[in-house]
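J.: This is a predicted model, with the sequence first.
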Amino acid sequence: MDADAYKRQAAAGALDFVRPGMRVGLGTGSTAAHFVELLAERVRGGLGVVAVPTSEATRAQAARLGIPLTTLDEMPELDLTIDGADEVAPDLSLIKGGGGALLREKIVAAASARMVVIADQSKWVATLGRFPLPVEVVPFGVAATRRAVEAAAAEADAPGPAQLRRGKDGHPFVTDSGHFILDAALQRIPRPEVLAAKLAAIPGVVEHGLFIGLARAAIIAGPDGVDVVERR
């Protein structure tokens, strides 16, 4: 089986967490897209849920597939969020934002009673950092913000360069909320909590891709099957 098949297995496992009447946050990315598709099949079969998407791409997919949608303004408390991750550590701290939706993903996850992460086994790591850490920033003063991000990472014992994310056209990538993203190639983040606090204190940083203490469970699929890891 290839990675995409494992992603779909993990997404299918997340359906066990969904109950009739739930308010569900829908994540963004290739693994979350599998979950949206599988959830839509259940909805067509009579499952009654309402969902809040974490990106315009997920909103379009869910609407096309017939999943009833709402917003956090209309429904500010959710029962469950199902989302993917770029890296998952054993304590279920995460790196997210490879798809550019980290701000909305974190807002939705924080509004949920429970967040469940779905991923293929390649995303499971001993220590976060091999995947470049996305940091969402305002466009104004982005060069100064980039220097501050690099300085903060070095102070947290995770030095490395931060690069402005660009699209295929060479222009800066713009998030659904109108921001830019810096991708910090840190290789290893030994103290995620320290780095998270330092990044949050930088003027110009809107949000960072370290998700700490949000995921309650992870569904990891690989050659040996599907494992459900619960956070202690």
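T.: Perfect, thanks for sending it.
J.: which residues does the most centrally placed residue in the chain contact?
T.: In the chain, the residue lying closest to the centroid (C-alpha atoms, centre = their mean) is residue 96, at 4.0 Å. Residues in contact with residue 96 (C-beta atoms under 8 Å, 6 or more residues apart in numbering) are 83-86, 102, 105-106, 134, 209, 211. Backbone N, C-alpha and C define where each C-beta goes, glycine included.
J.: Next one: it from residue 1, what distance?
T.: According to C-beta to C-beta, to the nearest Å, residue 96 and residue 1 sit 24 Å apart.
J.: Also residue 126?
T.: Residue 126 sits 24 Å away from residue 1, going by C-beta to C-beta.
J.: Those two: who's more crowded?
T.: residue 1 (11 against 8; other C-beta atoms under 10 Å).
J.: which non-adjacent residue is nearest that one?
T.: Closest residue to residue 1 apart from its sequence neighbours, by C-beta to C-beta, 6 or more residues apart in numbering: residue 223 at 7.3 Å.
J.: Wait, a helix at residue 108?
T.: Yes. Assessed by DSSP: H, G, I helix; E, B strand; the rest coil, residue 108 belongs to a helix.
J.: ok, and the closest non-adjacent residue to it?
T.: Excluding its sequence neighbours, the residue lying closest to residue 108 (C-beta to C-beta, 6+ apart) is residue 25, at 4.0 Å.
J.: which helices and strands does the host helix or strand of the one you found pack with?
T.: Per DSSP states H and E: residue 25 is located in strand 23-26. Judged by 3 or more C-beta pairs under 8 Å, 6 or more residues apart in numbering; DSSP states H and E, the packing partners of strand 23-26 are helix 30-44, strand 50-53, strand 80-83.
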